[in-house]
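sequence plus predicted model, see below.
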Amino acid sequence: MKQEVIRELSTPELIERLDEERMQLNKLKMNHAVSPLENPNKIKAYRRTVARLVTELHKRKLESAAANKANKQ
């Protein structure tokens with residue numbers, strides 16, 4: 001998933017997508033532990049997607065905190 005697509009998602013959609021991606025990543029890891037995957041690079045791709053989603057959520061959280069702080073002053 002590209003960063004441009006992630007930015008377009010709303011926060012609830014982002015959280016939902018993060019849960020789905022984490023579940024898929026765990027499933028891939030379990031399958032890989034049992035029998036090697038045909039393409040183990042999928043694990044890396046899912047891990048990076050999860051990191052991108054978490055980063056975007058953190059960025060939004062910081063932006064909202066900064067906006068709240070600016071409104072209080």
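Cool, the structure landed.

the strands in this protein, which residues?
Per DSSP state E, the chain has no strands. Nothing in it meets that criterion.

relative to Pro40, how far out is the residue nearest the centre of it?
Taking Cα atoms, centre = their mean, the centroid of the chain lies closest to Leu53, which sits 2.5 Å from it. Relative to Pro40, Leu53 is positioned 21 Å away (Cβ to Cβ, to the nearest Å). All C-beta spots, glycine's among them, are computed from the backbone N, C-alpha and C.

ok, now Lys29?
The gap separating Lys29 from Pro40 is 10 Å, by Cβ to Cβ.

those two: which has the busier surroundings?
Lys29 (14 against 10; other Cβ atoms under 10 Å).

so what's the more buried one closest to, chain neighbours aside?
With sequence-adjacent residues excluded and distances taken as Cβ to Cβ, 6 or more residues apart in numbering, Lys29 is closest to Ile43, at 6.4 Å.

residues in contact with that neighbour?
With contact set as Cβ atoms under 8 Å, 6 or more residues apart in numbering, Ile43 has these partners: 25, 28-29, 32, 37.

ok, and the closest non-adjacent residue to Leu37?
On the basis of Cβ to Cβ, 6+ apart, the spatially nearest residue to Leu37 that is not a chain neighbour turns out to be Asn31, at 6.4 Å.

count the neighbours of that neighbour for me.
Asn31 has 13 neighbours, counted by other Cβ under 10 Å.

do you know the pLDDT at it?
pLDDT recorded at Asn31 is 95.

ok, it to Arg17 distance?
In this structure, Asn31 and Arg17 are separated by 21 Å, where distance is defined by Cβ to Cβ.

related to what we said a few turns ago, buried ones from the contacts of Ile43, can you make that a ChimeraX selection?
The ChimeraX command for the buried members of the contacts of Ile43 (criterion: 16 or more other Cβ atoms under 10 Å) is given here:
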select :25,28
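
noted, bye for now.
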